[in-house]
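Novice: Pasting the sequence and the predicted coordinates here, then a few questions.
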Amino acid sequence: MNQPTTALDHLRLGVCYYPEHWKEELWADDFRRMAELGISIVRVGEFAWSIFEPREGVFSFELFDKALELAHQHGLQIIMGTPTATPPAWLTQKYPEVLNVNFNGQTIEHGLRRHYNYNSPKYRELCAIIVRRMAEHYRDHPAIVGWQIDNEFNCEISEFYSPADHAAFREWLQRKYGSLEALNEAWGTVFWSQTYTDWSQVHLSRMTTAGKQPNPHLYLDEKRFISDSVIDFAKVQVDIIREIAPRHWVTTNGLFGHLDSHRMTDELLDFFSYDSYPQFSTIFQDPNEESPLADRGWSQTLSTVRSISPQFCVMEQQAGPGGWVNRLDMPSPKPGQMRLWTYQSIAHGANMVVYFRWRTATFGHEMYWHGLNDYHNRENRRIREARGIGRELAEAGARIASTLYKAEVAIVRDYDNEWDGEYDVWHGPFYWQSRTAWYKALTRRHIPCDTLCLRQGTTLEELRKYKALIYPHAAIMTDEAAALLEEYVSQGGIVVFACRTGYKDDRAQCYMRPFPGAAAKLCGISVEEFTMVKGTRAAVRMNWLSDESAGIAAADTAADRFNDVLLPESDTVEIIATYASDHYAGKPAVTRNAFGQGEAWYYGAVFDEASAAQVISRIGLQSPAEGILELPPQVELAIREDAAGPLYFLLNYAEEPAEMTLREAKTDLLTGRKLQGTISLEGFGVLVLA
């Protein structure tokens, strides 16, 4: 990472702008109106390769020079995008080897975006040329403060099977394993006679007799390879900008599959950026999901972004109805929703929020992806809403900017289990259900929650920030990771596991140990028996025993999808719940093990919201606003804090007003009003209380 940047020291509003889409006579008025709204930073250039280099080796900066000069005259600063997400037609025609290839062997042709592959030597060469020429041209431009590398790595497609990728994969494997013997052992190729005897036989996953059914250990390494390929590709550009324009900060945007965004940020970026479209939570919502969070669920994704950068940039904030001509048909935000979503991003750590986009495009795939302005360019409701946000942040932004999100509980994730779980149906789908159940149970009880990414370099100090860690279905768990968790629990922490924990090593091979493998010592149990729960067995129940000391009554919940029947192996283990049905009725289903000063829980099924709520009560998690605020379930509580004290963000995701009680006098930073007692927060309303 570069030297610490001051880019996020202030809370700023921005907007994405495409001067190449508009007549030049519109530019000055656009920039004037941006400044009047309180916008101070503008992203440009990320799709404009054919403007910057209309023919190979012929560079043109006139259009953007004029636009940037006008922006500078209106006091606006610029984020310049490198345009490598959209190679121009002259490039892909002359050098077809740069194009990506899908799993079926079909070349991804020119015509949309992100149609290149990361490992093409020619593409890296051409990207380095355009980035170098842009950095040289703009390194001293007074308006430019930072760079966005590419755009949304691995969006649209996150698998790569071009000839260059197969060749690079072999080289990556040779560095990782050193010999074919080690590779064969790691991938278990003795199974089904898959053993390799020459490196030329090794490829990325390919079509098999059963379709897309690759060796599972190969497939996990494939995801790791793709991530490394992205980071290597990004590094080409970052190194050039660091060399030529060292005063500018560097970021990139998006949160997509098969990319270790934590490592990329640590090694290359000044901070991470994200593109926040809360209505995606509604579009991609499971139709069978009970009590969905809808756009409030986007806060869980923002917690993942915050795990990468405690303070971050939202490079694209939804500002209107969205959709391409053929997909993603999102309705228009209702009055107040754009403001709500803006503060949702800020509440979770965004110190720079850039709206997408200034004006809706009149052509192309995104001509229905609406921005602040409509085609007609007249004043509209979204512009008025943005103007109000600009006024509020002009007053409150300085107090918010120095604060960081505060939580005492974290849901733990890791890349290996996520990537392995994309293919392995014996644990992958369970994580998403349990994670969602826990997030619902926590947020509806007004308990702020972090995401913690467990990585090779994670330290005990990072874990000790939290009273409790929720780590469900971590099938892959190394002895080193287990030892770190043991140390955390022994010093007073609480960890909550669930079924299918700890039985695989980092190759995704199963240990020859009793389940839960690497986590057995910490949990003090073994798994006596296990089964999928489906078909005629889909109604297994769990009986939670009463906890008289805590005043918690016995309860009954579902035991979803998979059941581990537990066998206590230590006298420090307490049985918290038993199965209430099927042939293992009466057997232990949930255990708590006293370990040092802390405790390790093992939940033998897949969580739903009711079972997560049981654990929340029994481990004593409470809202940090307990005794200060009484809030209804539809209001989210987020807390940002610094030495001056906490700020309570209250976000009402319902269209109806919410009644709340403030037991202490507070000031709403956004309006300056003093509040106490019973108050009503309007539908889609926001309060920031100090």
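Specialist: That came in fine, so what should we check first? Residues are numbered from 1 along each chain as shown.
Novice: Thought residue 255 was touching residue 154, still the case?
Specialist: No - using CB atoms under 8 Å, residue 154 is not in contact with residue 255; the gap is 9.4 Å. C-betas here are computed from N, CA, C, even on glycine.
Novice: Now do the helices for the stretch 101-250 of the chain: every range, in order, please.
Specialist: Assigned by DSSP state H, counting those that start in this stretch, the helices in the stretch 101-250 of the chain fall at 121-138, 163-177, 180-187, 216-244.
Novice: Reformat these into JSON lines and put mean neighbour count and distance to residue 685 next to each item.
Specialist: Listed next are these as JSON lines, based on neighbours: other CB atoms under 10 Å; distance: least, CB to CB, whole Å:
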{"stretch": "helix 121-138", "mean neighbour count": "19", "distance to residue 685": "42"}
{"stretch": "helix 163-177", "mean neighbour count": "17", "distance to residue 685": "49"}
{"stretch": "helix 180-187", "mean neighbour count": "17", "distance to residue 685": "54"}
{"stretch": "helix 216-244", "mean neighbour count": "20", "distance to residue 685": "40"}
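Novice: could those helices be laid out in CSV, adding mean pLDDT and distance to residue 75?
Specialist: Listed next are the helices of the stretch 101-250 of the chain as CSV, based on pLDDT from 0 to 100; distance: least, CB to CB, whole Å:
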stretch, mean pLDDT, distance to residue 75
helix 121-138, 98, 18
helix 163-177, 98, 45
helix 180-187, 98, 57
helix 216-244, 98, 24
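Novice: Is it possible to get CSV of those that adds distance to residue 453?
Specialist: Output for those, formatted as CSV (distance: least, CB to CB, whole Å):
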stretch, distance to residue 453
helix 121-138, 28
helix 163-177, 21
helix 180-187, 24
helix 216-244, 13
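Novice: Residue 308 is nearest to which of the ones you listed?
Specialist: Among the helices of the stretch 101-250 of the chain, the nearest to residue 308 by CB to CB is helix 216-244 (13.4 Å).
Novice: elements contacting that closest one?
Specialist: With contacts taken as 3 or more CB pairs under 8 Å, 6 or more residues apart in numbering; DSSP states H and E, helix 216-244 sits against helix 121-138, helix 163-177, helix 180-187, strand 249-251, helix 261-268, helix 415-421.
Novice: Buried residues, the longest strand seen in the chain. List them.
Specialist: The single longest strand within the chain, with elements called by DSSP state E, is strand 658-667. Residues of strand 658-667 classed as buried by neighbour count (16 or more other CB atoms under 10 Å): 658, 660, 662, 666.
Novice: Listing partners with orientation, what would you give for it?
Specialist: Strand 658-667 has its sheet partners listed here by DSSP bridges as strand 629-630 (antiparallel), strand 674-681 (antiparallel).
Novice: Looking at that strand now, give me its mean pLDDT.
Specialist: Taken as a whole, strand 658-667 has an average pLDDT of 97.
Novice: try stretch 350-368
Specialist: Averaging pLDDT along stretch 350-368 yields 97.
Novice: hang on, the earlier thing: so which of the strands paired with strand 658-667 gets nearest residue 183?
Specialist: When those are compared by CB to CB, strand 629-630 sits nearest residue 183, at 56.8 Å.
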